[in-house]
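Engineer: Show me the folded form of this:
(one chain, ligands or ions: 1)
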Amino acid sequence: MAWYDNNQMWETFYDCMFDVDSFALAIKQCQQIISLANHPVNSVLDMACGPGRHLIGFAQMDLEVTGVDLSGYLLNHAANLIDQKGLSATLVHSDLLDFQPKQKFDLITNLFTSFGYYPNPADNQKVLDNAYQWLNLGGSLIIDTFGKEQVAHAIEPVHCTEYDNGDIRFERPVLVDHMNIYANEWILVRGNQAYRWEYEHFVYSAKELITMLEKAGFKATQIYGSLEKTDYDLAAERLVAVARK
Ligand SMILES: C[S@@+](CC[C@H](N)C(=O)[O-])C[C@H]1O[C@@H](n2cnc3c(N)ncnc32)[C@H](O)[C@@H]1O
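Structural biologist: Coordinates of the predicted model:
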């Protein structure tokens, strides 16, 4: 089983990855994403939507919202939260490569480092190829991930994060395969229990991502260091690509 197709993993790490603050942040990010797109948006597809943090934000803007994700566990969270808020969204439980939308979209998003997971590079390219096909003319694909330049600059052998609920997460990231793959080990200490999770995914430079987007058909891609349109430089926190069809 691929590491990302493991509901037990998402369940264990849910409280760290998707805490209350992260949902509040996502609402703010949705405004920033619409501003980045800079064109009228009525319909949005969030590829790898997880627990629906951004679906909620977009639905609150009265947009027509679709989310697709491989994790039934995370989609259940999304469905419950969307229901509780009296919002509506189409949720699809599917691998991104099996998903076949019945419509086209004005905006497609892939957020919070959800790109590059497939071990076969051609499959990651296919995600972009599909996104291009699924966009209306003039629409945008917005990817929010971290870039190879950033990782190479800022990687720490061991990184520790303490959460409000008392959880402590230790990370031991490395760049392997000529710095093409970001491989990480998480050790979560919760009370007197520890949980361990290893994962890895491709990490792209800004230029590599632009090349892939061009191969998919996108004509113009803008690169930023955050959803707030800061520069992609050594101070950048994220690699954000805004690709227009
Ligand atoms: C880091 S989480 C981000 C979730 C969401 N975008 C957010 O910002 O909260 C990565 C997500 O990618 C989903 N995912 C991973 N591989 C996938 C695949 N092949 N097809 C669909 N979803 C996938 C996971 O289930 C998970 O929800």
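Engineer: tell me the contacts of residue 51?
Structural biologist: 14, 18, 74, 75, 77, 78, 81 (Cβ atoms under 8 Å, 6 or more residues apart in numbering). No exception for glycine: its C-beta is placed from N, CA and C like everyone else's.
Engineer: Swap in 7 Å and give it another go.
Structural biologist: By Cβ atoms under 7 Å, 6 or more residues apart in numbering, the contact set of residue 51 is 18, 74, 77, 78, 81.
Engineer: Of these, which are in range of the ligand?
Structural biologist: With the criterion set as Cβ under 6 Å from any ligand atom, the members of the contacts of residue 51 near the ligand are residue 74.
Engineer: The ligand: which of the contacts of residue 51 is nearest?
Structural biologist: Nearest to the ligand among the contacts of residue 51: residue 74, at 4.6 Å, using Cβ to the nearest ligand atom.
Engineer: how deep is that closest one tucked in, by neighbour count?
Structural biologist: Using other Cβ atoms under 10 Å, residue 74 is surrounded by 23 other residues.
Engineer: okay but it is in contact with residue 48, surely?
Structural biologist: No - Residue 74 is beyond contact range of residue 48, at 9.3 Å (criterion: Cβ atoms under 7 Å).
Engineer: pretty sure residue 45 is in a strand, no?
Structural biologist: Yes - residue state for residue 45 (DSSP: H, G, I helix; E, B strand; the rest coil) corresponds to a strand.
Engineer: contacting residues for residue 224?
Structural biologist: 230, 232, 240.
Engineer: Can you convert the contacts of residue 51 into CSV and add a column each for pLDDT, distance to residue 170 and secondary structure?
Structural biologist: What follows is the contacts of residue 51, written out as CSV (pLDDT from 0 to 100; distance: Cβ to Cβ, whole Å; DSSP: H, G, I helix; E, B strand; the rest coil):
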residue, pLDDT, distance to residue 170, secondary structure
18, 94, 19, coil
74, 98, 23, helix
77, 98, 25, helix
78, 98, 28, helix
81, 98, 29, helix
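Engineer: now the angle between strand 43-47 and the lengthiest helix in the chain, please.
Structural biologist: Ordering each helix of the chain by length in residues (DSSP state H) puts helix 20-37 first. If you take axes from the mean of the first three to the mean of the last three Cα atoms, to 10 degrees, helix 20-37 sits at 130 degrees to strand 43-47.
Engineer: Could you pull out the buried residues of helix 20-37?
Structural biologist: 23, 26, 29, 30, 32, 33, 34, 36, 37 (16 or more other Cβ atoms under 10 Å).
Engineer: what does stretch 145-154 give?
Structural biologist: So stretch 145-154, judged by 16+ other Cβ under 10 Å, has buried residues 145, 146, 147, 148, 149, 150, 151.
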